[in-house]
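Undergrad: the sequence isn't on hand, but the structure is:
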């Protein structure tokens, strides 16, 4: 379960941003996670709910997850298609000369703090 390690890095980054911005409390953290990133959302949320209690600035913060669709591009026919539905083989022309355009990202999108 690499989700716990990922959560620790997110919490560390959020805590650093909070310190840099002189913020003591974070309300929520929004992550953008690619559909084929290998991150299991339920595990990530469970890990977050456990680990956040160890860092005062995020101990009450909600974790929000936005999924980025996996999209693959075909070099032969130059069309995009949904990766999860079709895998590496292009549904338009049958080529395997394809590559992932989006879908393996993992980014902190937003850190929400209380208004003064």
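TA: Perfect, I can see it now. All of these numbers come straight from a predicted model, not from anything done at the bench.
Undergrad: partner strands of the helix or strand that contains residue 66 and their direction?
TA: In the assignment (DSSP states H and E), residue 66 maps to strand 62-68. Strand 62-68 has the following strand partners under DSSP bridges: strand 28-34 (parallel).
Undergrad: and the strand it pairs with, what's buried?
TA: Residues of strand 28-34 classed as buried by neighbour count (16 or more other CB atoms under 10 Å): 29, 31-34. C-beta coordinates here come from the backbone N, C-alpha and C atoms, glycine included.
Undergrad: how close does the residue lying farthest from the centre of the chain sit to residue 83?
TA: Here the centre of the chain is the reference, and by CA atoms, centre = their mean the most remote residue is residue 93, at 31.1 Å. Here residue 93 is placed at a distance of 16 Å from residue 83 (CB to CB, to the nearest Å).
Undergrad: what about the protein, any weak spots by pLDDT?
TA: Along the chain, the parts satisfying pLDDT under 70 run over 1, 116.
Undergrad: so which residues of this protein form strands?
TA: Remark: strands assigned in the chain by DSSP state E are 28-34, 62-68, 71-74, 80-82, 98-102, 106-112.
Undergrad: for residue 18, which of the ones you listed is the nearest?
TA: Between residue 18 and the strands of the chain, the tightest spacing by CB to CB is seen for strand 106-112, at 7.5 Å.
Undergrad: now the closest one: buried residues?
TA: 106, 111.
Undergrad: picking up where we left off before, so what touches the strand holding residue 66?
TA: Applying CB atoms under 8 Å, 6 or more residues apart in numbering, the contact partners of strand 62-68 are 27-35, 41, 44-45, 48-49, 52, 102-103, 105, 109-110.
Undergrad: how about 7 Å then?
TA: Applying CB atoms under 7 Å, 6 or more residues apart in numbering, the contact partners of strand 62-68 are 27-35, 41, 45, 48, 102-103, 105, 109.
Undergrad: residue 33 pairs with what?
TA: Under the criterion used here (DSSP bridges), residue 33 is bridged to residue 67, residue 106.
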